[in-house]
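Chemist: with the sequence up front, the predicted model follows.
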Amino acid sequence: MTKFVELFFRFLIAPIAVGAGLFGRYGTGIEIIEIAWPMVIIFLVCYLIHSIILTYRHYNLFGDFITTALVSLFLTNLVAIGLLLINRFYYSLGYLFLFILISGIWTVAAEVFKVRHLGKRRFILVKTGNWQLLDSSNLVLTSVDSPEELRSLTIEGDILIDLRQPLTKDWTDILSDLRTKGCTITDIRDVVELSTGRVFLSTVASDPSLIRWTENYYLPIKRIADILVSLLALLITFPLLVIFAISIWLTSRGSPIFKQQRVGLHGKEFTIYKLRTMYAPDNFNVTFTGTNDDRITVLGRFLRRWRIDEWPQFVNVLRGDMSIVGPRPERPEWEAIYNIDIPYFSLRHFVRPGITGWSQIHFGYASNKIEAESKTEFDLYYIKYFSLTLDITIMIQTVVVILTGRGYR
(Lines give C-alpha, C1' and ligand atoms only; values in the text may rest on other atoms or scores of the structure.)
Protein backbone atom coordinates (compact mmCIF):
# COMPACT_ATOMS: atom_id res chain seq x y z
CA MET A 1 0.00 0.00 0.00
CA THR A 2 2.87 2.35 0.84
CA LYS A 3 4.47 1.83 -2.56
CA PHE A 4 1.11 2.35 -4.31
CA VAL A 5 0.53 5.66 -2.50
CA GLU A 6 4.02 6.88 -3.38
CA LEU A 7 3.66 5.86 -7.03
CA PHE A 8 0.24 7.53 -7.17
CA PHE A 9 1.75 10.81 -6.02
CA ARG A 10 4.59 10.49 -8.50
CA PHE A 11 3.18 9.41 -11.85
CA LEU A 12 -0.16 11.24 -11.72
CA ILE A 13 1.49 14.65 -11.84
CA ALA A 14 2.46 14.70 -15.52
CA PRO A 15 -1.08 14.28 -16.96
CA ILE A 16 -2.43 16.83 -14.45
CA ALA A 17 0.29 19.37 -15.28
CA VAL A 18 -0.10 18.84 -19.04
CA GLY A 19 -3.89 19.09 -18.82
CA ALA A 20 -3.71 22.29 -16.75
CA GLY A 21 -1.36 23.89 -19.27
CA LEU A 22 -3.44 22.88 -22.29
CA PHE A 23 -6.73 24.04 -20.80
CA GLY A 24 -5.01 27.27 -19.75
CA ARG A 25 -3.92 27.80 -23.37
CA TYR A 26 -7.00 26.55 -25.29
CA GLY A 27 -9.77 26.75 -22.67
CA THR A 28 -12.91 24.68 -23.22
CA GLY A 29 -12.38 24.87 -26.96
CA ILE A 30 -10.04 21.89 -26.93
CA GLU A 31 -11.49 18.43 -27.45
CA ILE A 32 -10.72 15.95 -24.67
CA ILE A 33 -9.94 13.29 -27.26
CA GLU A 34 -7.13 15.47 -28.64
CA ILE A 35 -5.19 15.33 -25.39
CA ALA A 36 -6.32 11.90 -24.23
CA TRP A 37 -3.72 9.81 -26.04
CA PRO A 38 -0.63 11.89 -25.12
CA MET A 39 -1.81 12.05 -21.50
CA VAL A 40 -2.28 8.27 -21.35
CA ILE A 41 1.19 7.71 -22.82
CA ILE A 42 2.69 10.25 -20.41
CA PHE A 43 0.89 8.49 -17.55
CA LEU A 44 2.29 5.06 -18.50
CA VAL A 45 5.83 6.25 -19.26
CA CYS A 46 6.03 8.25 -16.04
CA TYR A 47 4.78 5.20 -14.13
CA LEU A 48 7.69 3.23 -15.60
CA ILE A 49 10.20 6.02 -14.92
CA HIS A 50 9.15 6.45 -11.31
CA SER A 51 9.05 2.69 -10.74
CA ILE A 52 12.70 2.56 -11.80
CA ILE A 53 13.53 5.50 -9.54
CA LEU A 54 11.75 3.87 -6.60
CA THR A 55 13.76 0.70 -7.19
CA TYR A 56 16.94 2.80 -7.21
CA ARG A 57 15.88 4.42 -3.92
CA HIS A 58 14.54 1.18 -2.41
CA TYR A 59 16.85 1.54 0.58
CA ASN A 60 16.65 5.33 0.92
CA LEU A 61 20.11 5.88 -0.54
CA PHE A 62 21.75 8.75 1.39
CA GLY A 63 18.24 10.00 2.27
CA ASP A 64 18.72 12.40 -0.62
CA PHE A 65 15.13 13.17 -1.60
CA ILE A 66 16.15 16.43 -3.30
CA THR A 67 18.26 14.59 -5.88
CA THR A 68 15.49 12.05 -6.43
CA ALA A 69 12.96 14.83 -6.91
CA LEU A 70 15.20 16.55 -9.46
CA VAL A 71 15.81 13.34 -11.43
CA SER A 72 12.10 12.56 -11.33
CA LEU A 73 11.17 16.09 -12.42
CA PHE A 74 13.70 16.10 -15.27
CA LEU A 75 12.53 12.79 -16.74
CA THR A 76 8.84 13.63 -16.35
CA ASN A 77 9.19 17.00 -18.08
CA LEU A 78 11.35 15.49 -20.83
CA VAL A 79 8.71 12.88 -21.67
CA ALA A 80 5.75 15.26 -21.40
CA ILE A 81 7.24 18.11 -23.45
CA GLY A 82 8.44 15.63 -26.09
CA LEU A 83 4.92 14.29 -26.54
CA LEU A 84 3.47 17.80 -26.68
CA LEU A 85 5.84 18.64 -29.53
CA ILE A 86 5.01 15.42 -31.37
CA ASN A 87 1.31 16.24 -31.11
CA ARG A 88 2.05 19.78 -32.41
CA PHE A 89 0.32 21.63 -29.60
CA TYR A 90 1.23 25.29 -29.44
CA TYR A 91 2.78 25.97 -26.04
CA SER A 92 3.90 29.46 -25.06
CA LEU A 93 6.81 29.91 -22.67
CA GLY A 94 4.36 31.03 -20.00
CA TYR A 95 2.40 27.79 -20.12
CA LEU A 96 5.56 25.68 -20.32
CA PHE A 97 6.68 27.44 -17.16
CA LEU A 98 3.27 26.71 -15.59
CA PHE A 99 3.65 23.02 -16.47
CA ILE A 100 7.15 22.81 -14.98
CA LEU A 101 6.07 24.77 -11.89
CA ILE A 102 3.09 22.48 -11.20
CA SER A 103 5.10 19.30 -11.74
CA GLY A 104 7.97 20.66 -9.62
CA ILE A 105 5.77 21.57 -6.65
CA TRP A 106 3.97 18.22 -6.89
CA THR A 107 7.20 16.20 -7.11
CA VAL A 108 8.79 17.88 -4.09
CA ALA A 109 5.51 17.60 -2.16
CA ALA A 110 5.42 13.87 -2.91
CA GLU A 111 8.93 13.44 -1.50
CA VAL A 112 8.12 15.45 1.63
CA PHE A 113 4.92 13.43 2.12
CA LYS A 114 6.90 10.20 1.81
CA VAL A 115 9.57 11.23 4.30
CA ARG A 116 7.17 12.65 6.90
CA HIS A 117 4.16 10.37 6.72
CA LEU A 118 5.19 7.08 5.17
CA GLY A 119 8.36 6.78 7.23
CA LYS A 120 11.44 4.68 6.57
CA ARG A 121 11.24 1.11 5.33
CA ARG A 122 11.42 -1.53 8.03
CA PHE A 123 13.73 -4.51 7.78
CA ILE A 124 14.25 -7.78 9.63
CA LEU A 125 17.94 -8.65 9.97
CA VAL A 126 18.82 -12.35 10.20
CA LYS A 127 22.05 -12.73 12.16
CA THR A 128 23.78 -15.38 10.07
CA GLY A 129 26.97 -15.27 8.03
CA ASN A 130 28.53 -11.81 7.71
CA TRP A 131 25.55 -9.90 9.09
CA GLN A 132 27.98 -7.45 10.73
CA LEU A 133 28.50 -5.92 7.28
CA LEU A 134 25.24 -4.09 7.80
CA ASP A 135 25.85 -1.00 9.89
CA SER A 136 23.57 1.73 8.62
CA SER A 137 21.70 4.19 10.82
CA ASN A 138 19.40 4.91 7.86
CA LEU A 139 17.68 1.55 8.26
CA VAL A 140 15.03 0.59 10.80
CA LEU A 141 16.02 -2.94 11.85
CA THR A 142 14.56 -5.78 13.88
CA SER A 143 17.17 -8.50 14.52
CA VAL A 144 16.52 -12.24 14.86
CA ASP A 145 18.95 -14.99 15.85
CA SER A 146 16.99 -18.17 15.08
CA PRO A 147 14.40 -19.55 12.64
CA GLU A 148 11.90 -19.89 15.50
CA GLU A 149 12.27 -16.20 16.38
CA LEU A 150 11.71 -15.22 12.75
CA ARG A 151 8.63 -17.44 12.50
CA SER A 152 7.09 -15.78 15.56
CA LEU A 153 7.27 -12.29 14.04
CA THR A 154 4.65 -10.48 12.02
CA ILE A 155 6.59 -9.69 8.84
CA GLU A 156 6.19 -6.00 7.94
CA GLY A 157 9.29 -5.42 5.85
CA ASP A 158 12.10 -7.00 3.86
CA ILE A 159 14.08 -9.87 5.35
CA LEU A 160 17.82 -9.18 5.15
CA ILE A 161 20.17 -12.16 5.21
CA ASP A 162 23.64 -13.12 4.00
CA LEU A 163 22.66 -15.30 1.04
CA ARG A 164 26.27 -15.99 0.05
CA GLN A 165 26.94 -18.13 3.13
CA PRO A 166 25.71 -21.72 3.63
CA LEU A 167 22.34 -21.89 5.45
CA THR A 168 21.05 -24.70 7.64
CA LYS A 169 17.94 -26.65 6.64
CA ASP A 170 15.89 -24.85 9.31
CA TRP A 171 16.75 -21.49 7.78
CA THR A 172 16.12 -22.59 4.18
CA ASP A 173 12.76 -24.11 5.16
CA ILE A 174 11.41 -20.97 6.83
CA LEU A 175 12.83 -18.62 4.20
CA SER A 176 11.27 -20.71 1.42
CA ASP A 177 7.95 -20.68 3.27
CA LEU A 178 8.02 -16.91 3.78
CA ARG A 179 9.03 -16.31 0.18
CA THR A 180 6.05 -18.30 -1.13
CA LYS A 181 3.84 -16.12 1.07
CA GLY A 182 5.05 -12.99 -0.70
CA CYS A 183 7.79 -11.79 1.67
CA THR A 184 10.82 -10.09 0.12
CA ILE A 185 14.20 -11.64 0.95
CA THR A 186 17.27 -9.54 0.17
CA ASP A 187 21.01 -10.16 0.41
CA ILE A 188 22.69 -8.04 3.09
CA ARG A 189 25.45 -7.02 0.69
CA ASP A 190 22.95 -5.47 -1.72
CA VAL A 191 21.53 -3.35 1.10
CA VAL A 192 25.01 -2.32 2.25
CA GLU A 193 25.90 -1.21 -1.27
CA LEU A 194 22.70 0.74 -1.85
CA SER A 195 22.84 2.44 1.55
CA THR A 196 26.53 3.44 1.25
CA GLY A 197 26.92 3.95 -2.50
CA ARG A 198 29.97 1.69 -2.68
CA VAL A 199 30.92 -1.93 -3.33
CA PHE A 200 33.40 -2.94 -0.64
CA LEU A 201 36.51 -4.66 -2.00
CA SER A 202 36.18 -7.43 0.60
CA THR A 203 32.86 -8.54 -0.94
CA VAL A 204 33.79 -8.55 -4.64
CA ALA A 205 35.19 -12.10 -4.62
CA SER A 206 31.78 -13.48 -3.65
CA ASP A 207 29.89 -11.25 -6.10
CA PRO A 208 29.83 -12.82 -9.58
CA SER A 209 27.91 -9.89 -11.10
CA LEU A 210 31.02 -7.70 -11.29
CA ILE A 211 33.39 -10.38 -12.53
CA ARG A 212 30.86 -11.44 -15.19
CA TRP A 213 29.94 -7.84 -16.12
CA THR A 214 28.87 -7.62 -19.75
CA GLU A 215 27.86 -4.77 -22.02
CA ASN A 216 24.14 -3.98 -21.87
CA TYR A 217 21.56 -2.12 -23.94
CA TYR A 218 22.37 1.21 -22.28
CA LEU A 219 25.94 1.45 -23.64
CA PRO A 220 25.03 2.42 -27.25
CA ILE A 221 22.40 4.86 -25.95
CA LYS A 222 25.00 6.37 -23.62
CA ARG A 223 27.49 6.70 -26.48
CA ILE A 224 24.97 8.54 -28.68
CA ALA A 225 24.12 10.86 -25.77
CA ASP A 226 27.85 11.47 -25.17
CA ILE A 227 28.36 12.55 -28.78
CA LEU A 228 25.37 14.89 -28.79
CA VAL A 229 26.17 16.45 -25.40
CA SER A 230 29.88 16.91 -26.17
CA LEU A 231 29.10 18.54 -29.54
CA LEU A 232 26.66 20.94 -27.89
CA ALA A 233 29.08 21.65 -25.02
CA LEU A 234 31.96 22.41 -27.41
CA LEU A 235 29.78 24.77 -29.46
CA ILE A 236 28.74 26.65 -26.32
CA THR A 237 32.12 26.73 -24.56
CA PHE A 238 34.43 27.28 -27.57
CA PRO A 239 34.48 31.12 -27.39
CA LEU A 240 35.26 30.99 -23.66
CA LEU A 241 37.90 28.29 -24.20
CA VAL A 242 39.68 30.59 -26.66
CA ILE A 243 39.59 33.47 -24.15
CA PHE A 244 40.88 31.30 -21.30
CA ALA A 245 43.59 29.77 -23.51
CA ILE A 246 44.88 33.22 -24.47
CA SER A 247 44.78 34.30 -20.81
CA ILE A 248 46.82 31.26 -19.77
CA TRP A 249 49.36 31.90 -22.51
CA LEU A 250 49.72 35.56 -21.44
CA THR A 251 50.02 34.90 -17.69
CA SER A 252 52.37 31.88 -17.64
CA ARG A 253 54.76 30.45 -20.18
CA GLY A 254 53.94 27.26 -22.03
CA SER A 255 51.09 25.81 -24.02
CA PRO A 256 47.61 26.65 -22.67
CA ILE A 257 46.50 23.09 -23.41
CA PHE A 258 47.86 20.43 -21.08
CA LYS A 259 48.15 16.93 -22.56
CA GLN A 260 48.79 13.81 -20.54
CA GLN A 261 48.55 10.04 -20.96
CA ARG A 262 45.73 8.31 -19.10
CA VAL A 263 44.37 4.76 -19.03
CA GLY A 264 40.86 4.24 -20.35
CA LEU A 265 38.45 1.65 -21.69
CA HIS A 266 39.85 -1.91 -21.63
CA GLY A 267 43.12 -0.60 -20.21
CA LYS A 268 44.12 1.28 -23.38
CA GLU A 269 46.10 4.51 -23.04
CA PHE A 270 44.89 7.78 -24.54
CA THR A 271 45.84 11.46 -24.44
CA ILE A 272 43.64 13.59 -22.19
CA TYR A 273 43.23 17.34 -22.76
CA LYS A 274 42.85 20.02 -20.10
CA LEU A 275 43.43 23.74 -19.77
CA ARG A 276 46.81 24.13 -18.09
CA THR A 277 46.44 25.28 -14.48
CA MET A 278 50.04 24.77 -13.29
CA TYR A 279 53.39 26.28 -14.13
CA ALA A 280 54.65 24.31 -17.14
CA PRO A 281 57.84 22.68 -15.78
CA ASP A 282 56.03 20.97 -12.89
CA ASN A 283 53.11 19.54 -14.81
CA PHE A 284 54.99 16.34 -15.48
CA ASN A 285 55.86 15.43 -11.90
CA VAL A 286 54.22 12.20 -10.80
CA THR A 287 52.81 13.62 -7.57
CA PHE A 288 49.35 14.26 -6.19
CA THR A 289 47.95 17.77 -6.34
CA GLY A 290 47.40 19.30 -2.90
CA THR A 291 44.69 21.72 -1.79
CA ASN A 292 47.15 24.64 -1.57
CA ASP A 293 49.65 23.39 -4.15
CA ASP A 294 52.05 26.22 -5.02
CA ARG A 295 52.46 24.83 -8.55
CA ILE A 296 48.95 26.06 -9.41
CA THR A 297 48.74 29.48 -11.06
CA VAL A 298 46.38 32.23 -9.90
CA LEU A 299 44.22 31.79 -13.00
CA GLY A 300 44.53 28.03 -12.57
CA ARG A 301 42.84 28.18 -9.17
CA PHE A 302 39.87 29.92 -10.72
CA LEU A 303 39.68 27.38 -13.54
CA ARG A 304 39.87 24.47 -11.08
CA ARG A 305 37.32 26.03 -8.74
CA TRP A 306 34.68 26.05 -11.49
CA ARG A 307 36.00 22.89 -13.24
CA ILE A 308 36.61 24.95 -16.38
CA ASP A 309 39.96 23.22 -16.88
CA GLU A 310 38.02 20.03 -17.70
CA TRP A 311 36.14 21.54 -20.66
CA PRO A 312 38.64 20.37 -23.35
CA GLN A 313 37.80 16.80 -22.33
CA PHE A 314 34.61 17.11 -24.36
CA VAL A 315 37.00 16.52 -27.28
CA ASN A 316 38.02 13.25 -25.62
CA VAL A 317 34.36 12.33 -25.27
CA LEU A 318 33.72 13.09 -28.95
CA ARG A 319 36.71 10.94 -29.95
CA GLY A 320 35.46 8.01 -27.88
CA ASP A 321 38.28 8.09 -25.31
CA MET A 322 35.94 9.15 -22.52
CA SER A 323 32.30 9.52 -21.53
CA ILE A 324 30.49 12.37 -19.79
CA VAL A 325 30.00 10.10 -16.76
CA GLY A 326 32.35 7.36 -15.60
CA PRO A 327 35.35 6.60 -13.36
CA ARG A 328 38.10 9.20 -13.56
CA PRO A 329 41.06 7.97 -15.68
CA GLU A 330 44.40 7.48 -13.94
CA ARG A 331 47.93 8.09 -15.18
CA PRO A 332 49.80 4.94 -16.32
CA GLU A 333 52.32 5.37 -13.47
CA TRP A 334 49.60 5.27 -10.80
CA GLU A 335 47.68 2.62 -12.72
CA ALA A 336 50.65 0.24 -12.51
CA ILE A 337 50.90 0.76 -8.74
CA TYR A 338 47.15 0.49 -8.05
CA ASN A 339 46.79 -2.68 -10.13
CA ILE A 340 49.24 -4.33 -7.72
CA ASP A 341 48.11 -2.75 -4.44
CA ILE A 342 44.32 -2.48 -4.90
CA PRO A 343 42.29 -5.64 -5.62
CA TYR A 344 39.93 -5.47 -8.61
CA PHE A 345 41.16 -2.01 -9.57
CA SER A 346 41.23 -3.01 -13.25
CA LEU A 347 37.46 -3.68 -13.22
CA ARG A 348 37.04 0.09 -13.59
CA HIS A 349 38.03 -0.33 -17.24
CA PHE A 350 34.79 -2.12 -18.15
CA VAL A 351 33.39 1.32 -19.03
CA ARG A 352 34.81 4.50 -20.51
CA PRO A 353 36.32 6.94 -17.99
CA GLY A 354 34.30 10.09 -17.41
CA ILE A 355 34.61 13.84 -16.96
CA THR A 356 32.52 13.40 -13.83
CA GLY A 357 31.61 10.27 -11.92
CA TRP A 358 30.05 8.63 -8.88
CA SER A 359 33.35 8.55 -6.98
CA GLN A 360 34.11 12.17 -7.90
CA ILE A 361 30.92 13.58 -6.40
CA HIS A 362 30.91 11.37 -3.31
CA PHE A 363 34.61 11.09 -2.54
CA GLY A 364 36.57 13.60 -4.58
CA TYR A 365 40.28 13.32 -5.19
CA ALA A 366 42.44 10.53 -3.76
CA SER A 367 45.83 11.62 -2.43
CA ASN A 368 47.12 8.27 -1.12
CA LYS A 369 46.63 4.51 -1.45
CA ILE A 370 43.97 4.25 1.29
CA GLU A 371 41.88 6.98 -0.32
CA ALA A 372 42.38 5.36 -3.74
CA GLU A 373 40.95 2.10 -2.35
CA SER A 374 37.87 3.90 -1.05
CA LYS A 375 37.44 5.72 -4.35
CA THR A 376 37.68 2.41 -6.21
CA GLU A 377 34.77 1.07 -4.14
CA PHE A 378 32.60 3.96 -5.36
CA ASP A 379 33.71 3.28 -8.96
CA LEU A 380 32.77 -0.39 -8.63
CA TYR A 381 29.34 0.67 -7.38
CA TYR A 382 28.88 2.76 -10.52
CA ILE A 383 29.83 -0.16 -12.75
CA LYS A 384 27.57 -2.62 -10.94
CA TYR A 385 24.52 -0.31 -11.00
CA PHE A 386 25.33 1.20 -14.40
CA SER A 387 22.12 2.87 -15.69
CA LEU A 388 20.53 5.99 -17.17
CA THR A 389 18.96 6.89 -13.82
CA LEU A 390 22.34 6.77 -12.09
CA ASP A 391 24.00 8.87 -14.81
CA ILE A 392 21.33 11.57 -14.58
CA THR A 393 21.66 11.57 -10.78
CA ILE A 394 25.43 12.01 -11.09
CA MET A 395 25.08 14.91 -13.54
CA ILE A 396 22.61 16.73 -11.30
CA GLN A 397 24.82 16.22 -8.24
CA THR A 398 27.85 17.37 -10.26
CA VAL A 399 26.16 20.74 -10.80
CA VAL A 400 25.61 21.00 -7.03
CA VAL A 401 29.27 20.11 -6.36
CA ILE A 402 30.50 22.76 -8.83
CA LEU A 403 28.23 25.48 -7.43
CA THR A 404 29.27 24.74 -3.83
CA GLY A 405 32.96 24.34 -4.67
CA ARG A 406 33.16 21.08 -2.74
CA GLY A 407 36.22 18.91 -3.30
CA TYR A 408 38.19 20.96 -5.84
CA ARG A 409 42.00 21.07 -5.76
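Modeler: Here it is on my side, so go on. Residues are numbered from 1 along each chain as shown.
Chemist: for the stretch 251-400 of the chain, just list every one of the helices.
Modeler: Listed in chain order, the helices of the stretch 251-400 of the chain (DSSP state H, counting those that start in this stretch) span 298-305, 313-319, 332-341, 358-362, 369-384, 388-404.
Chemist: turn these into JSON lines, columns for mean pLDDT.
Modeler: Output for the helices of the stretch 251-400 of the chain, formatted as JSON lines (pLDDT from 0 to 100):
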{"stretch": "helix 298-305", "mean pLDDT": "94"}
{"stretch": "helix 313-319", "mean pLDDT": "98"}
{"stretch": "helix 332-341", "mean pLDDT": "94"}
{"stretch": "helix 358-362", "mean pLDDT": "93"}
{"stretch": "helix 369-384", "mean pLDDT": "94"}
{"stretch": "helix 388-404", "mean pLDDT": "86"}
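Chemist: out of those, deepest packed?
Modeler: Among the helices of the stretch 251-400 of the chain, helix 358-362 has the highest mean neighbour count (mean count of other CB atoms under 10 Å), at a mean of 25. Every C-beta, even on glycine, is put in place using the N, C-alpha and C of the backbone.
Chemist: give me the helices and strands touching that helix, please.
Modeler: When contacts are defined as 3 or more CB pairs under 8 Å, 6 or more residues apart in numbering; DSSP states H and E, helix 358-362 packs onto helix 369-384, helix 388-404.
Chemist: of all those, which one is nearest residue 343?
Modeler: Checking these against residue 343 by CB to CB gives helix 369-384 as the closest, at 8.6 Å.
Chemist: who's in contact with residue 343?
Modeler: Residue 343 is in contact with 201, 204, counting by CB atoms under 8 Å, 6 or more residues apart in numbering.
Chemist: I should have written residue 221 there, sorry.
Modeler: For residue 221, the contact set (CB under 8 Å, 6+ apart) comprises residue 388.
Chemist: for the one 10 residues further on, same thing?
Modeler: Taking CB under 8 Å, 6+ apart as the contact definition, residue 231 lies against residue 318.
Chemist: now the helix or strand containing it against helix 298-305, angle please.
Modeler: Taking DSSP states H and E as the definition, residue 231 sits inside helix 218-251. Counting by axes from the mean of the first three to the mean of the last three CA atoms, to 10 degrees, helix 218-251 lies at 160 degrees to helix 298-305.
Chemist: show me which residues of helix 218-251 are buried.
Modeler: 222, 225, 226, 229, 230, 233, 234, 241, 244, 245, 248 (16 or more other CB atoms under 10 Å).
Chemist: which among those residues gets closest to residue 272?
Modeler: Comparing the buried residues of helix 218-251 against residue 272 with CB to CB places residue 230 closest, at 13.9 Å.
Chemist: contacts only, for the closest one.
Modeler: By CB under 8 Å, 6+ apart, the contact set of residue 230 is 314, 315, 317, 318, 324.
Chemist: any idea how far residue 312 is from it?
Modeler: Taking CB to CB, to the nearest Å as the measure, residue 230 and residue 312 are separated by 11 Å.
Chemist: could the helices and strands packed on helix 358-362 be laid out in CSV, adding distance to residue 294?
Modeler: Shown next, in CSV, are the helices and strands packed on helix 358-362 (distance: least, CB to CB, whole Å):
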stretch, distance to residue 294
helix 369-384, 22
helix 388-404, 24
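Chemist: residue 140 is nearest to which of the ones you listed?
Modeler: Here helix 369-384 is closest among these (CB to CB), at 23.0 Å.
Chemist: which residues are contacting the closest one?
Modeler: With contacts defined as CB under 8 Å, 6+ apart, helix 369-384 is touched by 193, 197-201, 204, 207, 209-210, 213, 326-327, 334, 337-338, 341-342, 344-345, 347-348, 350-351, 357-359, 362-363, 365-366, 390, 394.
Chemist: quick check: which of the helices and strands packed on helix 358-362 is nearest to residue 159?
Modeler: Using CB to CB, the helices and strands packed on helix 358-362 put helix 369-384 closest to residue 159, at 22.2 Å.
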